[in-house]
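1. Next one to model:
(one chain, ligands or ions: 1)
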Amino acid sequence: MADTLLKALAYDNEVRVYVVNATNSVEEARTRHQSWHTATAVLGRTLIATSLLAGNLKGNDTLSVEIKGTGPVGTIRADGAPNGDIRGFVSNPKVALELNEAGKIDVKKAVGLPGTLTVSKHMQDSEPFRGQVELISGELGEDFTYYMAVSEQTPSAIGVSVLVDTDDSVKAAGGFMIQVLPDASEDTIHALETKLSDLGRVSDLIEQGIMVEELLATLVEKDNYNILDEYPIQFHCHCSHEHFEEQLARLSLEDLQLLIEEDHGAEIICHYCNSAFQYTESQLQNILDHKYHR
Ligand SMILES: [Zn+2]
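-> Below you'll find the predicted structure:
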């Protein structure tokens, strides 16, 4: 089953709902970063939320999420775009904590409070936007919900869930974002609250092989929704040999000379996707010659 994000209006068009299945993308993030189970859940939940927030963007807009807590995973970063591309990393992917008292992966402890959640948006048609909130939970779903309420003044409910298998692979990863539109009635808000209070974990539903449309149907009133859009979600990093060549060209003359004369080449590893790019001595010499016109 391919990863999909589905957008819909529900409850007589008074509520906006996004649902996403990101199981393959989170599994790709895990294999690329060789993350251990707690770090996989932390990164996965962040990637899912990033895909949901990016669903609100248009065209070539992009957004970046940065979570800085005091827990062992360190800084968490993720990027998303409205075409469904997501990528991300945690500073320390080798984190495997004991399960919490409820028998669940201890995301909260791995993230660690106090901390901050920052979202930066780079938009074609308007000024860059940056919103920051304190972490209130560390479980991340509530933190993104709090961010939407405080920084974007959009009352929302965001749920994110990652189920890691006994062999450390990702068994299920998905989530939802529900936004009550300004003219929603009290009845709708009440019906939605009741629905959300008895909803099982989203990953349990995805694990049962449920499609995003069925997931949507469990979140809203039966037969009272319109699907607006559906598109694939994928882990995709836009880094390249050329991209890092530009970074190398920013180095000082001394640093470039050191790489050429002592290391006889360079290797750059992309934080986001863990891909390695090699630069030979002569490629570095070309960069240096071009920069210093020698
Ligand atoms: Zn990359």
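
2. If you count neighbours, what's buried in stretch 60-77?
-> 61-65, 67-69, 71-74, 76-77 (16 or more other C-beta atoms under 10 Å). The way it works is simple: take the backbone N, C-alpha and C, and place the C-beta from them, glycine included.

3. so, in contact with the ion or not, it?
-> No. Taking C-beta under 5 Å from the ion as the criterion, stretch 60-77 and the ion are apart, separated by no less than 11.9 Å.

4. what's the span of that stretch from first residue to last?
-> 20 Å (C-alpha to C-alpha, to the nearest Å).

5. Distance from the chain centre to it, please.
-> 8 Å (C-alpha atoms, centre = their mean, to the nearest Å).

6. likewise stretch 140-160?
-> With C-alpha atoms, centre = their mean, you get 14 Å for stretch 140-160.

7. Which of the buried residues of stretch 60-77 sits closest to K171?
-> Taking C-beta to C-beta as the measure, K171 lies nearest V73 of those, at 20.1 Å.

8. Spatially nearest residue to W36, not counting backbone neighbours?
-> A96 (3.9 Å; C-beta to C-beta, 6 or more residues apart in numbering).

9. Next, work out how far apart the one you found and D168 are.
-> 8 Å (C-beta to C-beta, to the nearest Å).

10. got it, and E134?
-> 31 Å.

11. do E127 as well
-> Counting by C-beta to C-beta - E127 and D168 are separated by 42 Å.

12. Between those two, which has more neighbouring residues?
-> D168 (14 against 8; other C-beta atoms under 10 Å).

13. Could you look up the SS state of that one?
-> coil (DSSP: H, G, I helix; E, B strand; the rest coil).

14. Just confirm it contacts A39, I think it does.
-> No. Using C-beta atoms under 8 Å, D168 is not in contact with A39, being 10.3 Å away.

15. Name all residues that make contact with the closest residue to E66 other than its chain neighbours.
-> Using C-beta to C-beta, 6+ apart and skipping residues adjacent in sequence, the residue nearest E66 is T118, 4.6 Å away. By C-beta atoms under 8 Å, 6 or more residues apart in numbering, the residues touching T118 are 65-68, 130-132.

16. follow-up on the earlier one: what sits in contact with each of A96 and D168?
-> 36-37.

17. Report the closest residue of the stretch 1-150 of the chain relative to the ion.
-> Nearest residue of the stretch 1-150 of the chain to the ion: R87, at 6.7 Å (C-beta to the ion).

18. Is that residue bridged to anything, and to what?
-> Applying DSSP bridges to R87 gives these bridge partners: D79.

19. Restrict stretch 209-227 to CA atoms and write it as CSV.
-> Extracted C-alpha coordinates of stretch 209-227, given in CSV (Å, rounded to 0.1, in the frame of the first residue of the first chain):
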residue,chain,number,x,y,z
GLY,A,209,-4.6,-2.7,6.7
ILE,A,210,-7.1,0.1,6.8
MET,A,211,-6.9,2.5,3.8
VAL,A,212,-6.7,6.3,4.4
GLU,A,213,-10.4,6.6,3.3
GLU,A,214,-11.5,4.2,5.9
LEU,A,215,-9.3,6.0,8.4
LEU,A,216,-11.2,9.2,7.4
ALA,A,217,-14.5,7.4,7.8
THR,A,218,-13.7,6.5,11.3
LEU,A,219,-12.7,10.1,12.2
VAL,A,220,-15.9,11.7,10.9
GLU,A,221,-19.6,11.0,10.6
LYS,A,222,-20.4,8.2,8.2
ASP,A,223,-21.3,9.4,4.7
ASN,A,224,-20.9,13.0,5.8
TYR,A,225,-17.7,13.9,4.0
ASN,A,226,-16.3,15.0,0.6
ILE,A,227,-12.9,14.1,-0.5
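
20. give the contact list for L205.
-> L205 neighbours (C-beta under 8 Å, 6+ apart): 174, 214-215, 218.

21. Okay, and it sits in which element?
-> helix 202-207 (DSSP states H and E).

22. Now do the buried residues in that helix.
-> Under 16+ other C-beta under 10 Å, the buried positions of helix 202-207 are 202-203, 205-207.

23. what's the spacing between stretch 276-291 and its chain's center?
-> For stretch 276-291 - counting by C-alpha atoms, centre = their mean - the centre lies 33 Å from the chain centre.

24. do stretch 215-226 as well
-> 25 Å.

25. for the ion, what are the nearby residues on this structure?
-> So the chain meets the ion at 237, 239, 270, 272-273 (C-beta under 5 Å from the ion).

26. No further questions, thank you.
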